[in-house]
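Colleague: Next one to model:
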Amino acid sequence: QVQLQESGPGLVKPSQTLSLTCTVSGDSITTDDYWWSWIRQPPGKGLEWIGDIGFLGSTYYRPSLKSRTSISRDTSKNQFTLQLSSVTPEDTGLYYCARYAREYEAYDYWGQGTQVTVSS
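Modeller: Numbers count the residues shown, from 1 in each chain. Below is the predicted model:
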């Protein structure tokens, strides 16, 4: 059973950097044909893809967030991390990490999500 767990601060001040870590168990983040994603849901809105890190370490970002986003990984800990810089209150929301299966073109495992609020 694959499990993903988000961790990080729930409150971030405007202009600071939001940093979240996803710890994966039950699978390796280097397994072929899976991408590891960050997705968020602002209050009252739908899900919004932020970016991925692939099994070879390649990264892909939402164009509107690309200049502020960095996704990295620590294969020794089986973790991947999101950093979103210069945050504003519009970055408030529920942040999820998820596994994307290229074979099925779908997300098959999700973390439970973590609330991040940007406020002074």
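Colleague: Tell me if I'm right that residue 47 and residue 62 touch.
Modeller: No - counting by C-beta atoms under 8 Å, residue 47 sits too far from residue 62 to count as a contact (11.7 Å). C-beta here means a position set from N, CA and C on the backbone, and glycine is covered the same way.
Colleague: list the contacts for the residue nearest the centre of the chain?
Modeller: Centre of the chain computed as the mean C-alpha position; nearest residue by C-alpha atoms, centre = their mean is residue 38, 2.3 Å away. Residue 38 makes contact with 20, 22, 49-52, 71, 82, 95-98, according to C-beta atoms under 8 Å, 6 or more residues apart in numbering.
Colleague: one more time with 10 Å, if that's ok
Modeller: By C-beta atoms under 10 Å, 6 or more residues apart in numbering, the contact set of residue 38 is 6, 20, 22, 48-53, 61-62, 65, 69, 71, 80-82, 84, 95-98, 111.
Colleague: So which of these are in helices?
Modeller: When the contacts of residue 38 are checked against helices using DSSP state H, none is located there.
Colleague: buried subset of the residues you listed?
Modeller: Buried members of the contacts of residue 38, counted by 16 or more other C-beta atoms under 10 Å: 6, 20, 22, 49-53, 61-62, 65, 69, 71, 80-82, 84, 95-98, 111.
Colleague: ok, for residue 25, nearest residue in space, not its chain neighbours?
Modeller: Leaving out its chain neighbours, the residue that sits closest to residue 25 by C-beta to C-beta, 6 or more residues apart in numbering is residue 3, at 4.8 Å.
Colleague: State the distance from the one you found to residue 57.
Modeller: As for residue 3, its distance to residue 57 is 22 Å (criterion: C-beta to C-beta, to the nearest Å).
Colleague: One more: residue 37?
Modeller: Separation of residue 37 from residue 57 (C-beta to C-beta): 14 Å.
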